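Visitor: Fold the following and give me the result.
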Amino acid sequence: MPLDALCLSAVKNELAEQIIGMKTDKITQPERDVIVLSLRGHGSLSSKLLISAGPGDSRVHLTSHKFENPQTPPMFCMLLRKHLTGAKIIDIYQLPSDRVLRLRFEAVTSLGIKTEKSLIIEMIGQLTNIILTDESGLIIDCLRRIGGDFNNKRSVLPGLIYRDPPRQEGKNDPLEISKSSFTDLIENAPDLPADKWLNSTFSAFSPLICRELIWRAYKNPDLRILSLPDTGEALINEFYTLIEQIKSGSAEPWLISDKNIPKDFSFTQIKQYENIFETIRAESFSKMLDDFFTCSAQLKRINQKSSSTIKLMNTARDRQIRKLASQKSEMEDTAKRDYFRECGDLITANIHLMTKGQNTLIADDFYSENNEKRKIELDPMKTPQQNSAKYYKAYTKAKNARKYLEEQIKSGENELEYIESVTEQLLRTENEHDLNDIRNELMQTGYIKNRVRKTEKKAESVPYKFITSSGITVTAGKNNVQNDKLTLKTASKSDVWMHAKQIHGTHVIIHSNGKDPDENTLYEAAVIAAYYSAARSDSKVPVDYTLVKNVKKSPGGRPGMVIYNDFKTIIAEPNEAFVKNIMVHKK
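Guide: Residues are numbered from 1 along each chain as shown. Got it, this is the predicted structure:
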């Protein structure tokens, strides 16, 4: 849902307590519509303020998310750095009942003169914008330049005086309307669904809140405004109870989720869904918005970027499955090899009774238990000796083919396992860096054409790192190449190795320095292995563990493929919240 004005006011109040007085230390623009201000306060206090001007996901909140920035900063980012680096936030103001925030900064010019700058965030549908103005209200620049041809009511261009966006015509301010005026509006209302009437009559209300008010008043969100049983009295009471919650500053961040997938959010607990969705009280408005927008948006972008690679691997998987099916069919045909040899032996044993031109040979079958008769098809154009040779040749061909097919099928099954492991890793990729690592691996293994070009050498990615409740370090590979390096090169032979049993997943290493890890550490590491596996949605996952010295590279195996012995198995429950909590985040 878009961030409505009432929820934005709660976000603004929370931010005012946290960021006023802090200075901008760094400014980045990781995406076209996203600005991140790194803020510092007294001592080691620091925060990151995310400002998004994306249509449909515009918002302002603190974030703990790590962003990958472009090598060359965009021009608007460079402009903000020039004017706001080192500037102190002195106020945050919201245009009444509107989705417009103004961040006021105290900056110092190159001459040491104090001046005031404002960063205005307009979260208004397709016209969402970020605008920088000077102390006189003159627009220095903006993320989206809007001329008169685009909007005949208002231009937003450098050099113009900034003007607030026009208010929505025909809508009332819910924070200012009196009860008597509300009653008059109901009495003169058109025959509309009650929630749609609220949405069209008042600004600042989202459709979710409009339906919630009707549900709270009548336990039925589908009533029409002219059919309210008490002429709207219960609705009016719920309306002003909600407004009082906003005015008193007692709004609360509530996240609505469906099986841990965020679906919606609000500044008040949403009860209309009853037991259909789960409502969770978030730690803060910033944490709620970060979880709802930033994390899900990142996964969406990565999924979009990885979709072509996933499609490539799915095609390779289907091709490999068809190839294996054909080879196994050929393998079934080689089952007749002993029959061919026996036919050759029977022809040789009876060759003195045969003449050229025979179509069949019926002979005593000394290979059968009861010495039954066997009918053998012959080529009448061949001599008995040639027919015998034909069957021996078919036997030799089938025998050699079986040996070859056994090798090919084993190799093909290993290849299919590798393809499926890469696909599973692509589905859980969390950032573009990890995606590029997998694509580089696929170049090395020949699935993606390696286009040689001169590029900057990028920093090598590192495995996930965790600290267990016992203070033990645990690491886990993000892809097959990392798994190989972690298990076969980095880990000590006396460390403990873990992997989900017979399931595609990551290699997990408990760095125990030669000591036996305690039961809690073993289980917590097993939870990590279960979570970073293809079985992360299961309730119970078997996880094998052994010493690293018992793990060997599969002969001729693809990256990440190993064999191991002398292992034990532990049952673990994948737990995302726990895994993220003990993860060590790279600063």
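Visitor: pretty sure residue 108 contacts residue 115?
Guide: Yes: under the criterion of C-beta atoms under 8 Å, residue 108 makes contact with residue 115 at 7.3 Å. Every C-beta, even on glycine, is put in place using the N, C-alpha and C of the backbone.
Visitor: These two - which one has more neighbours?
Guide: Between residue 108 and residue 115, residue 115 has the larger neighbour count (other C-beta atoms under 10 Å), namely 15 against 12.
Visitor: So that one is in contact with residue 90, correct?
Guide: No: using C-beta under 8 Å, residue 115 is not in contact with residue 90, being 11.8 Å away.
Visitor: any residues in contact with both of those two?
Guide: residue 106 (C-beta atoms under 8 Å, 6 or more residues apart in numbering).
Visitor: packing partners for the longest helix along the chain?
Guide: Scanning the chain for the helix with the most residues, using DSSP state H, yields helix 384-427. Packing contacts for helix 384-427, counted by 3 or more C-beta pairs under 8 Å, 6 or more residues apart in numbering; DSSP states H and E, involve helix 296-333, helix 337-349, helix 432-444, helix 480-485.
Visitor: Just name the most buried of the ones you listed.
Guide: Mean neighbour counts were compared across these using mean count of other C-beta atoms under 10 Å; the top stretch is helix 480-485, at a mean of 22.
Visitor: and residue 392, which of the helices and strands packed on helix 384-427 is closest to it?
Guide: With C-beta to C-beta, the closest approach to residue 392 among those belongs to helix 337-349: 4.3 Å.
Visitor: quick one: average pLDDT of that closest one?
Guide: Helix 337-349 shows a mean pLDDT of 88.
Visitor: what do you get for stretch 254-271?
Guide: On average, stretch 254-271 scores 86.
Visitor: which other residues reach it?
Guide: 1, 6-7, 10, 206, 208-209, 212, 215-216, 242, 245-246, 251-253, 273, 277-282, 285, 288-289, 291-292, 296, 576.
Visitor: export it as PDB, just CAs?
Guide: What follows is stretch 254-271, C-alpha atoms only, in PDB (Å, rounded to 0.1, in the frame of the first residue of the first chain):
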ATOM      1  CA  TRP A 254       1.500  -2.700  12.700                       C
ATOM      2  CA  LEU A 255       2.500  -5.100   9.900                       C
ATOM      3  CA  ILE A 256       0.000  -7.400   8.200                       C
ATOM      4  CA  SER A 257       1.500 -10.600   6.900                       C
ATOM      5  CA  ASP A 258       0.400 -13.900   5.300                       C
ATOM      6  CA  LYS A 259       2.700 -16.800   6.300                       C
ATOM      7  CA  ASN A 260       5.600 -14.400   7.000                       C
ATOM      8  CA  ILE A 261       5.100 -12.500   3.700                       C
ATOM      9  CA  PRO A 262       4.300  -8.800   4.400                       C
ATOM     10  CA  LYS A 263       1.000  -7.800   2.800                       C
ATOM     11  CA  ASP A 264       0.200  -4.400   4.300                       C
ATOM     12  CA  PHE A 265       0.900  -2.000   7.100                       C
ATOM     13  CA  SER A 266      -0.700   0.700   9.200                       C
ATOM     14  CA  PHE A 267      -0.400   3.100  12.100                       C
ATOM     15  CA  THR A 268      -3.100   1.300  14.000                       C
ATOM     16  CA  GLN A 269      -3.900  -2.400  14.600                       C
ATOM     17  CA  ILE A 270      -5.900  -3.700  11.700                       C
ATOM     18  CA  LYS A 271      -8.700  -6.100  12.900                       C
END
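Visitor: what residue ranges in the stretch 1-150 of the chain score low on pLDDT?
Guide: Residues of the stretch 1-150 of the chain that meet the criterion pLDDT under 70 lie in 1-2, 43-44, 148-150.
Visitor: and if we set it to 90?
Guide: 1-3, 31, 41-46, 54-57, 64-71, 96-97, 108-113, 124-127, 146-150 (pLDDT under 90).
Visitor: Tell me, how many residues neighbour the closest residue to residue 79 other than its chain neighbours?
Guide: Residue nearest to residue 79 in three dimensions, not counting chain neighbours: residue 141, with 5.3 Å by C-beta to C-beta, 6 or more residues apart in numbering. Residues near residue 141, counting by other C-beta under 10 Å, number 18.
Visitor: Give the bridge partners for residue 141, please.
Guide: Counting by DSSP bridges, residue 141 is bridged to residue 132.
Visitor: OK, contacts around residue 410?
Guide: Residue 410 neighbours (C-beta under 8 Å, 6+ apart): none.
Visitor: can you tell me how far it sits from residue 501?
Guide: 21 Å (C-beta to C-beta, to the nearest Å).
Visitor: swap in residue 423?
Guide: 19 Å.
Visitor: And for residue 337?
Guide: Using C-beta to C-beta, residue 337 is found at 37 Å from residue 501.
Visitor: Do a quick rundown of the helices in this protein.
Guide: 5-19, 75-84, 179-187, 194-201, 207-218, 233-247, 285-289, 296-333, 337-349, 384-427, 432-444, 480-485, 519-531, 576-582.
Visitor: Including distance to residue 559, could those go into JSON lines?
Guide: Below are these laid out as JSON lines (distance: least, C-beta to C-beta, whole Å):
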{"stretch": "helix 5-19", "distance to residue 559": "45"}
{"stretch": "helix 75-84", "distance to residue 559": "38"}
{"stretch": "helix 179-187", "distance to residue 559": "67"}
{"stretch": "helix 194-201", "distance to residue 559": "55"}
{"stretch": "helix 207-218", "distance to residue 559": "47"}
{"stretch": "helix 233-247", "distance to residue 559": "56"}
{"stretch": "helix 285-289", "distance to residue 559": "37"}
{"stretch": "helix 296-333", "distance to residue 559": "14"}
{"stretch": "helix 337-349", "distance to residue 559": "37"}
{"stretch": "helix 384-427", "distance to residue 559": "8"}
{"stretch": "helix 432-444", "distance to residue 559": "6"}
{"stretch": "helix 480-485", "distance to residue 559": "4"}
{"stretch": "helix 519-531", "distance to residue 559": "18"}
{"stretch": "helix 576-582", "distance to residue 559": "24"}
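Visitor: With respect to residue 495, which of those lies nearest?
Guide: Among these, helix 519-531 comes nearest to residue 495, with 10.7 Å by C-beta to C-beta.
Visitor: What is that closest one packed up against?
Guide: Going by 3+ C-beta pairs under 8 Å, 6+ apart, helix 519-531 lies up against strand 464-467, strand 473-476, strand 496-500, strand 508-510, strand 541-547, strand 568-572, helix 576-582.
Visitor: Rebuild the ones you listed as TSV, extending it with mean pLDDT and distance to residue 345.
Guide: Converted to TSV, these look like this (pLDDT from 0 to 100; distance: least, C-beta to C-beta, whole Å):
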stretch	mean pLDDT	distance to residue 345
strand 464-467	94	63
strand 473-476	95	59
strand 496-500	95	50
strand 508-510	96	57
strand 541-547	95	49
strand 568-572	95	50
helix 576-582	90	65
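Visitor: I appreciate the help and will end here.
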